[in-house]
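Colleague: Sharing a model that was predicted from the sequence below.
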Amino acid sequence: MKHSQNNQFRKHQNSTAAELIDQLDGFDGSPGQFLQNILAVQCFLSQADAGAILRSNEERGVEVLAVYPPLEKGATAPVWLSQSVDIIRDALSEDVVVVKPLDQPNQGKDSQAQGYLLVCPLKLADIGPAVAAFLIQARNEAILDQKREKLELFAKLLGLLEVRPMKQRQLEGLRQLQRAIETLSVINRQNRFASAAMAFCNEVASQWQCERASVGFLRGRYVQLKAMSHTEDFSRKMKLVEDIESTMEECLDQDVEIVSPASKEATYIVRAADQLSSHYGPLAVLSLPLRRDGEAIGVVTLERPIEKAFSLGEIETFRLTCELCTARLASLYEHDQWVGARAAARARSLMAELLGPKHTWAKVGVIVSFAAILFLIFGKGQFRIKAPFVLEATYQQVVPAPFDGYIKSVEVEIGEMVKGDKSILGKLDTSELRLRLAAAKAEKHGYLKQASAAMRDGETAQAQIAQANADKASAQIDLLNYLIDQASLISPTSGTVVKGDLKREIGAPVKTGDVLFEVAPLDSLRAELLIAEDEIFDIKLNQQGYLATASYPGQRIKFVVERINPMAEVVKQRNVFKVRVQLLEIHPWMRPGMEGVAKVSVGKRHYIWIWTRKIVNWVRMKLWL
């Protein structure tokens, strides 16, 4: 093969490059042989000793697509080809032509020409990342540059590899379009449906060399045969007509193209088509649905000898023909009827649009909207008035300072639970009181001695005065002892500390009567609702509801209305009425001052009234004169 290719291109030594390229353009062989020939042409034109086309593949590494001169089977790859594989990644990554001296260990010192490897990147969509590698000999830099310029043209020559199949596809597409337009032209010359359908069948049978071509349209739930090639009149009771209609219905039910005999990979049912093929042949049968706006409205069935099976290209051409001709045939089929039939068809189509499976979501939306309107008008639900609230205590236990002094310690913080007569809230400094107590005791002891001396001397009056002073000192001692005992601040009731953040004020002076702590009993909690003035007249005593705090939104606390303030107040620039409610359940986590949302159950109302009452009232106020 090597000698034949050398001879093939040596005989064109006097030919120009354009003539050799023209010969490649007329080549009609396999892509691999085309690469082999174009590689040989390039080596011949650029005086390269050898060449190869290499493709980089991440999974398989480097693949050799073509080599010139060809290698014999089982032969070891030459040195230049092995070295080309090593530098292929450099050429692809940098997208430049790489030229490196060939490493020839057996090259003699007297060699006049130096061997070089030239690797040129190729950009071909069908091949992927690839390079062209050439082995060239050059005595100096000028000859090397001259050969390099010629070899860089190789990328342009390889463009023929993609241009040639593209031209073939374009020509095939033009031929398909020509056949489809010829068929459409035949139909457009007809003004009645019967003549147009007959012309369509005859033209299709002629162009595709069919023994019979038939077209049928959907009528109700079944397909009715409308025309058959080269047959002016036929009876609907004919066995042939029934078999053709069965084949058409089989195609229409599956909404796919059916070919009989079917391939092993086919997933559609061809029972009726096989029966038609075996009874009247054997025949090759092709059924294709006619679609308008994506909906199948008819079927075309072709029959021809089984040795002329329908190819994929013929099926594609026939599909294009049907797509172009369906609109014309369907238009004639609908309008070539008397007025009553057209009106009935239009009414049936309208009812199918309303009741059929099309526009499902739009129909569901209309039905749901209508049901929602009826539900709003006639349905009733529980009307609840929504309002903010705040928890407050019915009463609070105040713990004041029992005497003038200084804060010594604070044992609790705000929010802590305390038990009455057991928990110490804080302590006052008693150093001064204890000094005064010691002084009072000493003064009492002195008066007692004076009284004893006066009694001994018989001075009764002096003894009584000393005894009175001793009693006064004793009373002072009792007072000081009482105040020292009161220095430990204890709440008389159990509850939650709501005031008394004094830990940062230890050592600060206090006066008698200053409020140091406030304790709110849990059982005294209640809620105060702020009802808007446009909803207050729906609130009645003993109405029940539920509230939820912002801290515990998952907890629903039941309450009952116990008092309605008759006078409105302005809160946060809103006119509201305060409504006091009694909590029917108390939880340990509840604290005075907590806020949230409360809903008062008023009674059953129509949903449309519940959701539109505010808008209606606003409109009434705006339109009132």
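Modeller: That came through, no problem. Numbers count the residues shown, from 1 in each chain.
Colleague: contacting residues for the residue nearest to His606 when sequence neighbours are not counted?
Modeller: In this structure, His606 finds its nearest non-sequential neighbour in Lys380, 5.7 Å apart by Cβ to Cβ, 6 or more residues apart in numbering. To be clear about C-beta, it is placed using only N, CA and C from the backbone, and glycine gets the same treatment. Taking Cβ atoms under 8 Å, 6 or more residues apart in numbering as the criterion, Lys380 is in contact with Lys604, Arg605, His606, Tyr607.
Colleague: Spatially nearest residue to the first one, not counting backbone neighbours?
Modeller: This means Lys604. Once flanking residues are discounted, Lys604 sits nearest to Lys380: 4.7 Å by Cβ to Cβ, 6+ apart.
Colleague: Just to check, Glu443 is in contact with Ser474?
Modeller: No - counting by Cβ atoms under 8 Å, Glu443 stays clear of Ser474, with 9.8 Å between them.
Colleague: Can you point out the buried residues in whichever strand in the chain runs longest?
Modeller: For the chain, the strand with the greatest residue count under DSSP state E is strand 380-393. In terms of neighbour count (16 or more other Cβ atoms under 10 Å), strand 380-393 has its buried residues at Phe383, Arg384, Ile385, Ala387, Pro388, Phe389, Leu391, Glu392, Ala393.
Colleague: So Leu290 is in contact with Tyr333, correct?
Modeller: No - applying Cβ under 8 Å as the test, Leu290 and Tyr333 come out as separate, 10.1 Å apart.
Colleague: Run through the helices of the stretch 151-300 of the chain in chain order.
Modeller: Secondary structure of the stretch 151-300 of the chain (DSSP state H, counting those that start in this stretch): helices at 154-157, 160-188, 193-207, 239-254, 271-279.
Colleague: Export these as CSV, with columns for distance to Val398.
Modeller: Listed next are the helices of the stretch 151-300 of the chain as CSV, based on distance: least, Cβ to Cβ, whole Å:
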stretch, distance to Val398
helix 154-157, 100
helix 160-188, 98
helix 193-207, 103
helix 239-254, 90
helix 271-279, 98
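Colleague: Now flag whichever of the buried residues of strand 380-393 is closest to Glu149.
Modeller: Of all these, Glu149 sits closest to Pro388, with 88.4 Å by Cβ to Cβ.
Colleague: Who are the contact partners of that closest one?
Modeller: Leu529, Leu530, Glu595, Gly596, Val597, Ala598.
Colleague: and the fifth one, which of the three is it?
Modeller: Applying DSSP: H, G, I helix; E, B strand; the rest coil to Val597 yields a three-state assignment of strand.
Colleague: Return the residues in contact with Glu323.
Modeller: By Cβ under 8 Å, 6+ apart, the contact list for Glu323 reads Arg291.
Colleague: likewise the one 4 residues further on?
Modeller: In this structure, Ala327 makes contact with Arg292, judged by Cβ under 8 Å, 6+ apart.
Colleague: Check Ile187 too.
Modeller: So, once contact is read as Cβ under 8 Å, 6+ apart, Ile187 ends up touching Ala196, Ala199, Phe200, Glu203, Cys325, Arg328, Leu329.
Colleague: 10 Å instead, please
Modeller: Contacts for Ile187 (Cβ atoms under 10 Å, 6 or more residues apart in numbering) come out as Ser195, Ala196, Ala197, Ala199, Phe200, Glu203, Leu324, Cys325, Arg328, Leu329, Leu332.
Colleague: Ile615 looks like it's in a helix, true?
Modeller: Yes - under three-state DSSP, Ile615 sits within a helix.
Colleague: Ala284 is in contact with Asn309, correct?
Modeller: You called it Asn, but residue 309 is Ala. Yes - when contacts are counted by Cβ atoms under 10 Å, Ala309 is listed as touching Ala284 (4.8 Å).
Colleague: what's the distance between the residue nearest to His606 and Thr512?
Modeller: 64 Å (Cβ to Cβ, to the nearest Å).
Colleague: With Glu595 instead?
Modeller: 36 Å.
Colleague: ok, now Lys503?
Modeller: From Lys503 to Thr512 the distance is 22 Å (Cβ to Cβ).
Colleague: next one: Glu533
Modeller: Applying Cβ to Cβ to Glu533 and Thr512 gives a distance of 46 Å.
Colleague: just Gln382 next, same as before
Modeller: Distance from Gln382 to Thr512, by Cβ to Cβ: 56 Å.
Colleague: again, but for Ala347
Modeller: Where Thr512 is concerned, Ala347 sits at a distance of 100 Å (Cβ to Cβ).
Colleague: If the closest residue to Glu595 other than its chain neighbours is in a bridge, with which residues?
Modeller: The spatially closest residue to Glu595, leaving aside those adjacent along the chain, is Val390, at 5.1 Å (Cβ to Cβ, 6+ apart). Beta-bridge partners of Val390, counted by DSSP bridges, are Glu528, Glu595.
Colleague: Which positions within stretch 433-441 qualify as buried?
Modeller: Residues of stretch 433-441 classed as buried by neighbour count (16+ other Cβ under 10 Å): Leu433, Arg436, Leu437, Ala440.
Colleague: Mind checking which of those residues land in helices?
Modeller: Leu433, Arg436, Leu437, Ala440 (DSSP state H).
Colleague: can you give me phi and psi for Thr76?
Modeller: phi -80, psi 140 (degrees, to the nearest 10).
Colleague: Met417: how many residues sit nearby?
Modeller: Around Met417 there are 13 other residues, counting by other Cβ atoms under 10 Å.
Colleague: separation between it and Thr549?
Modeller: 18 Å.
Colleague: Adding distance to Ser246 and pLDDT, write the buried residues of stretch 433-441 out as JSON lines.
Modeller: JSON lines is the format used below for the buried residues of stretch 433-441 (distance: Cβ to Cβ, whole Å; pLDDT from 0 to 100):
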{"residue": "Leu433", "distance to Ser246": "118", "pLDDT": "86"}
{"residue": "Arg436", "distance to Ser246": "124", "pLDDT": "88"}
{"residue": "Leu437", "distance to Ser246": "123", "pLDDT": "88"}
{"residue": "Ala440", "distance to Ser246": "128", "pLDDT": "89"}
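Colleague: Check those and tell me the two furthest apart.
Modeller: Maximum pairwise distance among these (Cβ to Cβ): 10.1 Å, between Leu433 and Ala440.
Colleague: which neighbours do the two share?
Modeller: Taking Cβ under 10 Å, 6+ apart as the contact rule, Leu433 and Ala440 both touch Leu479, Leu480, Asn481.
Colleague: of those, buried ones?
Modeller: Buried subset of these (neighbour count, 16+ other Cβ under 10 Å): Leu480.
Colleague: Keep only those of the shared contacts of Leu433 and Ala440 that are in helices.
Modeller: With DSSP H as the criterion, helices contain Leu479, Leu480, Asn481 from among the shared contacts of Leu433 and Ala440.
Colleague: can you give me the strands in the stretch 401-550 of the chain?
Modeller: 405-410, 417-418, 424-428, 488-490, 495-499, 509-510, 515-520, 525-532, 544-549 (DSSP state E, counting those that start in this stretch).
Colleague: and Lys604, what is it in contact with?
Modeller: By Cβ under 10 Å, 6+ apart, the neighbours of Lys604 are Lys380, Gly381, Gln382, Phe383, Ile610.
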